[in-house]
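Trainee: Quick one, fold the following:
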Amino acid sequence: MPKLRIGIIDIVSRGPTRALYARVMNANLASIMPQVIGVWCRQEGHEVSFVCYTGFEDLLKELPGALDVVFIGAFTEAAHTAYALSSLFRSKGAITVIGGPHARCYPEDAVRYFDYVLGFTDRETLLDVLRDCSQHRPRGVQISASRQPTALPGVRERWQFIEPTLKKAPFIKMVPMLGSLGCPYTCSFCIDSNVPYQAMDFDVLREDLQFLLRKFKRPLVAWHDPNFGVRFDDFLNMIEEAVPPGRIDFIAESSLSLLAEPHLKRMRRNGFKGILPGIESWFDLGGKSKTGALQGMDKVRQVADHVNLILRYIPYIQTNFVLGLDSDEGAQPFELTKRFLDLAPGAFPGYSLLTAFGRAAALNLQYQRANRVLPFPFHFLNNNQAMNVRPKNYSWSDFYGLVINLTEYSFSSRAILRRFRATEGVTSRWMNLVRAVSSEGFGRIKFHKEILGRLDSDPQFRPYFEQDSIVLPEFYTNLVRQELGSLWHWLPPGAMEHDPYGYFKSEQGESELVSVRR
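Mentor: Next up, the predicted model:
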């Protein structure tokens, strides 16, 4: 195989930004798989240039002018950024490859703009691309391993890419680690629900933690596991063998069902500072929250008691909710969330509007069969700027009115003050305050009000939302143009539109997707 000049772009920001919160946090949101690709490519003897795009970089200056292959990792909200970059680098003669959540969720669309679209990617899948390394146009080819890789390079091997990325973070510096892949829960809307659970190599994890102790006085590790702690004793044993008590701080996403008090005591002893459990709904998904068949106010009380228990041991908690699920009806789900915030004031609420990300979950087929999926541009599919599933039990105006009311309640001066008082630690209090007054709190209130107002005042809005028209309101086009900046000029023709029913059509044998599975 000839030596290749390879560029790798991990897209964290979907466009240029100068926001203070982005400057502080974006470098901490780096993904692991682009770093893994970089390690494997260098091990094969190729020349690798790597950049984590946080919105502050000039990519043309960061990467060499002449590249043979460009790998891009992107979530769906950054798809247009990825498409524009592919167009730019193709114009310079490069072969382009996309991987990550967008490639898995929307391969039917991604093949229009990339030579290769990667699903599950192990080392052999990468080598298949590098051996072929040829143009596939006008439609690319999808390549996917049969399952997630069983082993990945750890922090020590990825440090060559982690270190320059963390230098961009001025204060908080989170090192990304991965202890497991997949999830044993089967939440119908989750991309990991159909991925078999597997733990990574404990020897590698142990060595990586010891490696970090030589790099930082007190490292901060962010576990990227879909659900940390499924094999709780095994993971905590590994941490205790590798790390003296209190020498490393940890943040993880986990389920309430795994956070019993004996586990919480052990987590506190071992430096866990933040936890992100999913509550999702007051009328569904009781397995994750360990509430069984409880619903409504009974579930609220039990979950609030559990969250308050967690806060006695772990100073920071974000509780995640999905708004607009089919199990919700009327104002009650929103009012119950308010009562939860009253009972557990220290919790920072993370709200996601119900979104169907292509092939991410089998449930999306039901939405597509029922003709409930709207063709919002990918740029807005970030769980808060657009809900691309027409709600089952709400009109659009009623739904947005309830969302606004709940968000205002959650980030009112009273709620912010109560959250501040109920939270321990300077960092936790600072994070809650900044998030509340930035795009996650005040910013979303402003945006949701804009959408509600335009449903009544903009003649393009309601026909589009009610699926009576496929003409995208100019409001959204203007936002994409503004947020992409100079990359807007590289966005390929037609890239603002996609087929929201591509998954359903592929299941019916109507897709033209060229797919290769190893």
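Trainee: alpha carbons only for contacts and neighbour counts from here, please
Mentor: OK.
Trainee: which regions of the stretch 151-300 of the chain sit below the pLDDT cut-off?
Mentor: The model of the stretch 151-300 of the chain has pLDDT under 70 over residues 187, 189, 285-293.
Trainee: can you map out the strands along it?
Mentor: Secondary structure of the stretch 151-300 of the chain (DSSP state E, counting those that start in this stretch): strands at 174-177, 180-181, 198-199, 220-223, 249-252, 272-275, 278-280.
Trainee: I'd like these written out as JSON lines, with distance to residue 47 added.
Mentor: Shown next, in JSON lines, are the strands of the stretch 151-300 of the chain (distance: least, C-alpha to C-alpha, whole Å):
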{"stretch": "strand 174-177", "distance to residue 47": "24"}
{"stretch": "strand 180-181", "distance to residue 47": "29"}
{"stretch": "strand 198-199", "distance to residue 47": "31"}
{"stretch": "strand 220-223", "distance to residue 47": "29"}
{"stretch": "strand 249-252", "distance to residue 47": "34"}
{"stretch": "strand 272-275", "distance to residue 47": "38"}
{"stretch": "strand 278-280", "distance to residue 47": "41"}
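Trainee: Rounded mean pLDDT for the helix or strand containing residue 102, please.
Mentor: Using DSSP states H and E, residue 102 sits within helix 101-105. When pLDDT is averaged along helix 101-105, the result is 96.
Trainee: Could you do stretch 415-425 as well?
Mentor: Taken as a whole, stretch 415-425 has a mean pLDDT of 95.
Trainee: and it, how far from the chain's centre?
Mentor: 26 Å (C-alpha atoms, centre = their mean, to the nearest Å).
Trainee: got the buried residues for stretch 319-334?
Mentor: For stretch 319-334, the neighbour count (16 or more other C-alpha atoms under 10 Å) marks 319-325, 328-329, 333-334 as buried.
Trainee: Out of those residues, name the two that are farthest from one another.
Mentor: With C-alpha to C-alpha as the measure, no two of these lie farther apart than 319 and 329, at 20.9 Å.
Trainee: re earlier: can you redo the strands of the stretch 151-300 of the chain as a markdown table with distance to residue 36 and mean neighbour count?
Mentor: Shown next, in a markdown table, are those (distance: least, C-alpha to C-alpha, whole Å; neighbours: other C-alpha atoms under 10 Å):
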| stretch | distance to residue 36 | mean neighbour count |
| --- | --- | --- |
| strand 174-177 | 12 | 22 |
| strand 180-181 | 15 | 22 |
| strand 198-199 | 17 | 18 |
| strand 220-223 | 16 | 20 |
| strand 249-252 | 20 | 20 |
| strand 272-275 | 25 | 22 |
| strand 278-280 | 28 | 22 |
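Trainee: closest to residue 24 out of these?
Mentor: With distances scored as C-alpha to C-alpha, the stretch of those nearest to residue 24 is strand 174-177 (11.2 Å).
Trainee: Can you give the distance of stretch 412-423 from its chain's centre?
Mentor: Stretch 412-423 sits 27 Å away from the centroid of its parent chain (C-alpha atoms, centre = their mean).
Trainee: contacting residues around it?
Mentor: Here stretch 412-423 makes contact (C-alpha atoms under 8 Å, 6 or more residues apart in numbering) with 311, 315-316, 345-348, 409-410, 429, 432-433, 436.
Trainee: go again using 7 Å as the cut-off
Mentor: Residues from elsewhere that reach stretch 412-423 (C-alpha atoms under 7 Å, 6 or more residues apart in numbering): 315, 345-347, 429, 433.
Trainee: before we move on, what about stretch 122-140?
Mentor: For stretch 122-140, the external contacting residues (C-alpha under 7 Å, 6+ apart) are 1, 95, 111-112, 114-116, 144-145, 148-149.
Trainee: do that again at 8 Å, thanks
Mentor: 1, 37, 40, 69, 95, 110-117, 143-145, 148-149, 514, 518.
Trainee: in stretch 307-314, what counts as buried?
Mentor: Going by neighbour count (16+ other C-alpha under 10 Å), the buried part of stretch 307-314 is 307-311, 313-314.
Trainee: I meant to write stretch 230-241 there.
Mentor: Buried residues in stretch 230-241 (16+ other C-alpha under 10 Å): 230, 235-236, 238-239.
Trainee: Tell me which helix or strand residue 41 sits in.
Mentor: helix 33-43.
Trainee: list the helices and strands that helix packs on?
Mentor: The helices and strands touching helix 33-43, judged by 3 or more C-alpha pairs under 8 Å, 6 or more residues apart in numbering; DSSP states H and E, are strand 5-11, strand 47-53, strand 69-73, helix 155-166.
Trainee: CA atoms of the helix holding residue 102 as CSV?
Mentor: This file holds the C-alpha atoms of helix 101-105, laid out as CSV (Å, rounded to 0.1, in the frame of the first residue of the first chain):
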residue,chain,number,x,y,z
PRO,A,101,-23.5,9.0,14.0
HIS,A,102,-24.7,10.7,10.9
ALA,A,103,-23.1,8.1,8.6
ARG,A,104,-24.9,5.4,10.6
CYS,A,105,-28.2,7.2,10.7
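Trainee: Show the subsequent helix or strand relative to that helix.
Mentor: Counting by DSSP H and E, the element after helix 101-105 in chain order, helix or strand, is helix 107-110.
Trainee: quick one: that following helix to chain centroid distance?
Mentor: Using C-alpha atoms, centre = their mean, the offset of helix 107-110 from its chain centre is 19 Å.
Trainee: The following helix or strand past that helix pairs with which strands?
Mentor: Tracing the chain C-terminally past helix 107-110 and defining elements by DSSP H and E, one meets strand 116-118 next. Strand 116-118 has its sheet partners listed here by DSSP bridges as strand 95-99 (parallel), strand 141-144 (parallel).
Trainee: Reformat those as JSON lines; add mean neighbour count and distance to residue 402.
Mentor: Formatted as JSON lines, those follow (neighbours: other C-alpha atoms under 10 Å; distance: least, C-alpha to C-alpha, whole Å):
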{"stretch": "strand 95-99", "mean neighbour count": "27", "distance to residue 402": "36"}
{"stretch": "strand 141-144", "mean neighbour count": "22", "distance to residue 402": "41"}
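Trainee: quick one: residue 461 and residue 473 touch, right?
Mentor: Yes: counting by C-alpha atoms under 8 Å, residue 461 does reach residue 473; the two are 6.1 Å apart.
Trainee: one step back: how far is the helix holding residue 41 from where the chain is centred?
Mentor: Centroid separation for helix 33-43 versus its chain: 21 Å, with C-alpha atoms, centre = their mean.
Trainee: repeat for stretch 298-307
Mentor: 26 Å.
Trainee: Contacts only, for the residue nearest to the spatial centre of the chain.
Mentor: In the chain, the residue lying closest to the centroid (C-alpha atoms, centre = their mean) is residue 75, at 6.7 Å. Taking C-alpha under 8 Å, 6+ apart as the criterion, residue 75 is in contact with 11, 100-102.
Trainee: I am finished for the moment; much appreciated.
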